[in-house]
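Enquirer: Return a 3D structure for these sequence lines:
(chains A and B)
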Amino acid sequence: MREEEHFFDDINELFVEAFETGDNTLINSLQFEGDNFVDYDAYSEGGIKQIFLCTDRRTGRRVAMATLKDISNSQKVEAFLREAKINAALQHPNIVPIYEMGIEEEKPWFAMKFIAGKSLADIISETKNLEDHNSNFSLSHRLDIFMKVCDAIAYAHSLGVLHLDIKPDNIRISNYGDVVLCDWGLADIEATSCDEKLLEFCTILEHDLNNQTLDGSVKGTPGYMAPEQTSLVKIRKGRHTDIFSLGTLLYSLLTLDKPFKGFDIQDIIDTTAKCDFIKPSKLQTDLPDSLEAVCLKAMQLKPEDRYQTVEDLQKDIDAYRNGFATYAENASFLKLLKLMVYRHKLRSGLVMSLLSLMIILALVFVHNLDLSKQFVEKENEKLLLEQDLYLQRGKDSAPLFFERAEESLKVFDFQTGLRFCKEALERDNQMKPAWELKAKFNFAMEDYQECLDSLAKAGVSKGRLINLAKIALLAEATDSRQEVRLDLLRRLHSFKDMTTFSLLLHNIIYSDISLDERLEFCQYVIGLRNKRTAQDAFNFNYDPQTQSLDISNNPWIKIALCLRNFPAKKINASYTSINHGNNFMSHHLEYLDISNTQIVELKSLKCKNLKSLNISGNIIHNLDPLEQYPLISLDISYTPIKYLNFVPKIPTLKQITIKKKQFSRAQLKWLRPDIELIEK
Amino acid sequence: MTDNNTRYTLLKKLQNSRDEKNWEEFVHYYSPYIFVIIRRFNVGSQDSEELMQDVLVKIWKNISKYDREKYKCRFRTWLGVMIRNTVFNFFKSKASRNSKSNVNYDDIIGKLELMTEAEVNIISEREWKNHIAQLAWDNLKNKFSEQTQRVFEASVKDEISNAELANQFDLSESSVRVFKMRVRKAMHKEIIRLNSELES
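Expert: Numbers count the residues shown, from 1 in each chain, chains lettered A, B, ... in the order given. Purely as a prediction, here's the structure:
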């Protein structure tokens, strides 16, 4: 009998393992099919994000994967990706590093380092429940943590990034000394000082301006946030906001308690706005005065009373740790002496014993006082200089925004342009070119009062734009919108100010305008623009039933830019003198007849839904631009086109009209069998 | 596998020249596999022995006709289907010869009739993996100390933790881990080698 029983029944696991673990060669471990990230475990969940732990198959390490919970709101998607981008821009040992980001099935995600350990909030609450607080969470250890967070914030500030949500929950501490600041979801960019690459993440979105998150909740965490983060205090957010929050962090590290508490959120917000909190020393009696002073200085209601930079705050902590008086506590002579005695126990002992030296000491002290006075003066000078520099830096970034505004004007993107103008002026409201540019935007967008105000700020007191804006403003009171518009365009045309003319024209034809208004408007503008005389007959017919516009047989028409965005499906412009395809730019247009016109190229034609095109009788050689359209029917009779090799490039084509004998027999082979050929 | 170009697999060698040595090698490697598959079709061990001989004869006759490109399947898939058919025919003829005496045959025939090619494939894949792993272990076994062998076999047989193994064999837990790891690594290599050698 054959031995059929193996020593083990089921070892195909080993077989699978052999091919999967790939520990035979490392190069195999990088070549696999399927997802990069596997073995997902839910880790934590917030209001907006969900964090998973998963394994990166390429590196083999566990990473934290953040995904967005609600992807239906595109603003949330943007905000989520913005967070990842800002975080990724920050490379610092105390800031959680972003490894990778991407989109899977429309769900954005980013992967970051997983810090095995606890959040500072956990550690604080654990310590609070212990009898002896100092045993495993000594003051020195706490200050170490605090200083590392300060390092992270100081670094972020150097790039112009504000965290705006510093709190123990967002600080993760590993078992081996890693202190990492996470969650940059509320982070903001200070345009005045940021890296140019980060400029695009500046908040210019409306919802950001009113201190609220996309959910409508308060931006920041009640209990740790700064007074200006409540909507009750109207102060701009800035570095001082982070410095305040660092103060609250220090507060909770010292007292193991939140600085702001209340019955409900509104109550907490109220106390925050008033900056009303219990002094740390009341909660923790053995607290060193100097540290309390540092904490209180960071948590001042007015930003100017707080530390101006994170580095200043750090310097004071260092001073305390090295046994010097902190700047914040305004130390008395006695205190200074006491500290000095502590620092130099042996030497001071000697000094004390040698009374005779007292006098010398006194002299030294007087001298020191003088020195320290000089020091303070120098510090003040430096502070002033820094403030100047700060303002200057703000101004420096204004031209960046101005440039972008100018770019926007070139592409007729008025909304964006106006926004950038405002950003530029916010940094430097003396910037005259920006005011002038803003006036242009205001004028183009028919906001004449605003235009006049802008011109006044620009120091322009006379000129065509002012006159026109004044006229328009007066006319608006009595005339219809259409009349005002037509009058302005007529005036601009007579001044030959075609730049302003086209700006205004563009705004009008892309605005909400009724069909009747548009018809009258286009008819008038075509007449005006082409200098139509009384003798010129004008064929202008619109059939609302078929949505077709007929302006054929008007040989005097050269320009009809006002027809852009015209809501017609069909336009017949044959036998006109129109010479540029961009006159018909529209996504409504499906049938276009431009036969026997002056158009010589099709590149300028931008009608993405074009199905039928007639270019008969035009001197057009190149049909390549038609490849992008879902074209069904095409008339190329009486054109110089000799080759049909374009046909395979337009797979939708069903019908071609040509002149008899236009193409050689060989060329006709390009036609697919399903294409109908019409010969004229 | 990938190195088909440079080294002929056992199967290719057999297809090219049907000499005694190659055939012996083939029988050595494949007969346990064939036997297990036959047993998986619920055939008694006595019949299985007989059937295996039938299958081997069929392979000997038809091996030159097997063409991976033409059948678009692996040799073991082809083999699996062939074994099923052989088993089926075997019982069919047996059942008709003494139809009254045995109902068991109808049972087997019925089951085999219902079995799809995909199901056959699952069986042959599973057994192939087991078979290769078993072969690999047979080849490697003697390279390890007896203790290592016993530890490894015990570790595969049951779900048993390193700590328990350490206790059972009076070793430290870290030695158990090292033993297991060493065998596993060697096994992985041998499995991959054998698989590419025997698969075509």
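Enquirer: For the chain, which helix or strand comes out least confident on mean pLDDT?
Expert: Just going to use chain A. helix A:206-209 (a mean of 44; mean pLDDT, DSSP states H and E).
Enquirer: nope, chain B
Expert: Checking each helix and strand of chain B against mean pLDDT, DSSP H and E, the one that scores lowest is helix B:68-71, at a mean of 70.
Enquirer: Can you name the element that comes right after that one?
Expert: helix B:75-97 (DSSP states H and E).
Enquirer: quick one: buried residues of that following helix?
Expert: B:75-84, B:86-88, B:90-91, B:94-95 (16 or more other Cβ atoms under 10 Å in any protein chain shown). Glycine gets a C-beta too; all of them are placed from N, C-alpha and C.
Enquirer: Quick one: list the elements packing against the longest helix seen in chain B.
Expert: Counting by DSSP state H, the longest helix found in chain B is helix B:173-198. For helix B:173-198, the packing partners by 3 or more Cβ pairs under 8 Å, 6 or more residues apart in numbering or on different chains; DSSP states H and E come out as helix A:12-20, helix B:10-16, helix B:117-140, helix B:146-157, helix B:162-169.
Enquirer: any chance of those helices in JSON lines, plus mean pLDDT and mean neighbour count?
Expert: Shown next, in JSON lines, are those (pLDDT from 0 to 100; neighbours: other Cβ atoms under 10 Å in any protein chain shown):
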{"stretch": "helix A:12-20", "mean pLDDT": "74", "mean neighbour count": "18"}
{"stretch": "helix B:10-16", "mean pLDDT": "78", "mean neighbour count": "17"}
{"stretch": "helix B:117-140", "mean pLDDT": "85", "mean neighbour count": "19"}
{"stretch": "helix B:146-157", "mean pLDDT": "83", "mean neighbour count": "17"}
{"stretch": "helix B:162-169", "mean pLDDT": "84", "mean neighbour count": "15"}
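Enquirer: Can you check which of those helices gets nearest to residue A:579?
Expert: Ranking the helices and strands packed on helix B:173-198 by distance to residue A:579, with Cβ to Cβ as the measure, places helix A:12-20 first at 67.0 Å.
Enquirer: In chain A, which residue sits nearest chain B?
Expert: residue A:12 (3.3 Å; Cβ to the nearest Cβ).
Enquirer: hmm, back to that, if we compare the helices and strands packed on helix B:173-198, which one ends up closest to residue A:369?
Expert: helix B:162-169 (71.2 Å).
Enquirer: Assign a three-state SS to residue A:173, would you?
Expert: strand (DSSP: H, G, I helix; E, B strand; the rest coil).
Enquirer: what does chain B have sitting close to chain A?
Expert: B:32, B:35-36, B:39, B:45, B:48-49, B:126, B:129-130, B:132-134, B:136-137, B:153, B:156-157, B:184-185, B:187-189, B:191-192, B:195 (Cβ under 8 Å from any Cβ of the partner chain).
Enquirer: what about 7 Å?
Expert: B:35-36, B:39, B:45, B:49, B:126, B:129-130, B:132-134, B:153, B:156-157, B:185, B:187-189, B:191-192 (Cβ under 7 Å from any Cβ of the partner chain).
Enquirer: centroid residue for chain A?
Expert: residue A:201 (2.8 Å; Cα atoms, centre = their mean).
Enquirer: Give me the nearest residue to it, chain neighbours excluded.
Expert: Excluding its sequence neighbours, the residue lying closest to residue A:201 (Cβ to Cβ, 6 or more residues apart in numbering or on different chains) is residue A:189, at 5.0 Å.
Enquirer: okay, the helices and strands packed on helix B:173-198 in TSV with distance to residue A:137 next?
Expert: Formatted as TSV, these follow (distance: least, Cβ to Cβ, whole Å):
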stretch	distance to residue A:137
helix A:12-20	44
helix B:10-16	68
helix B:117-140	53
helix B:146-157	43
helix B:162-169	34
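Enquirer: Excluding residues flanking it in the chain, which one is nearest the residue of chain B most remote from its centre?
Expert: Ranked by distance from the centre of chain B (Cα atoms, centre = their mean), the top residue is residue B:172, with 35.5 Å. Excluding its sequence neighbours, the residue lying closest to residue B:172 (Cβ to Cβ, 6+ apart) is residue B:166, at 6.1 Å.
Enquirer: Tell me who's in contact with the closest residue to residue A:94 other than its chain neighbours.
Expert: In space, and not counting its chain neighbours, residue A:94 is closest to residue A:152: 3.8 Å by Cβ to Cβ, 6+ apart. Contacts for residue A:152 (Cβ atoms under 7 Å, 6 or more residues apart in numbering or on different chains) come out as A:92, A:94-95, A:181.
Enquirer: do residue A:458 as well
Expert: Applying Cβ under 7 Å, 6+ apart, the residues near residue A:458 are A:432, A:435-436, A:439.
Enquirer: Nearest residue to it in space, please, no chain neighbours.
Expert: Nearest to residue A:458 is residue A:435, by Cβ to Cβ, 6+ apart, at 3.5 Å.
Enquirer: Ok, residue A:518 next?
Expert: Closest to residue A:518 by Cβ to Cβ, 6+ apart is residue A:566, at 7.1 Å.
Enquirer: Is that neighbour within a helix or a strand, and which one?
Expert: Using DSSP H and E, no helix or strand contains residue A:566.
Enquirer: For my notes, confirm residue A:44 occurs in a strand.
Expert: Yes. Counting by three-state DSSP, residue A:44 falls inside a strand.
Enquirer: how about stretch A:117-129 as PDB, C-alpha atoms only?
Expert: What follows is stretch A:117-129, C-alpha atoms only, in PDB (Å, rounded to 0.1, in the frame of the first residue of the first chain):
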ATOM      1  CA  GLY A 117       2.800  55.800  21.200                       C
ATOM      2  CA  LYS A 118       0.300  58.100  22.800                       C
ATOM      3  CA  SER A 119      -1.100  61.500  22.400                       C
ATOM      4  CA  LEU A 120       0.000  64.100  24.800                       C
ATOM      5  CA  ALA A 121      -3.600  64.500  25.900                       C
ATOM      6  CA  ASP A 122      -3.600  60.800  27.000                       C
ATOM      7  CA  ILE A 123      -0.400  61.200  28.900                       C
ATOM      8  CA  ILE A 124      -1.700  64.300  30.700                       C
ATOM      9  CA  SER A 125      -4.900  62.700  31.700                       C
ATOM     10  CA  GLU A 126      -3.100  59.500  32.800                       C
ATOM     11  CA  THR A 127      -0.700  61.600  34.900                       C
ATOM     12  CA  LYS A 128      -3.500  63.500  36.400                       C
ATOM     13  CA  ASN A 129      -5.000  60.400  37.800                       C
END
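Enquirer: So what's the gap between that stretch and the chain middle?
Expert: 35 Å (Cα atoms, centre = their mean, to the nearest Å).
Enquirer: In that stretch, which residues are buried?
Expert: Quick answer for stretch A:117-129 (16+ other Cβ under 10 Å): A:117, A:119-121, A:123-124, A:127.
Enquirer: mean confidence for it?
Expert: Throughout stretch A:117-129, pLDDT has a mean value of 89.
Enquirer: List of residues touching that stretch?
Expert: A:133, A:137, A:145, A:168-169, A:171-175, A:178, A:252, A:256.
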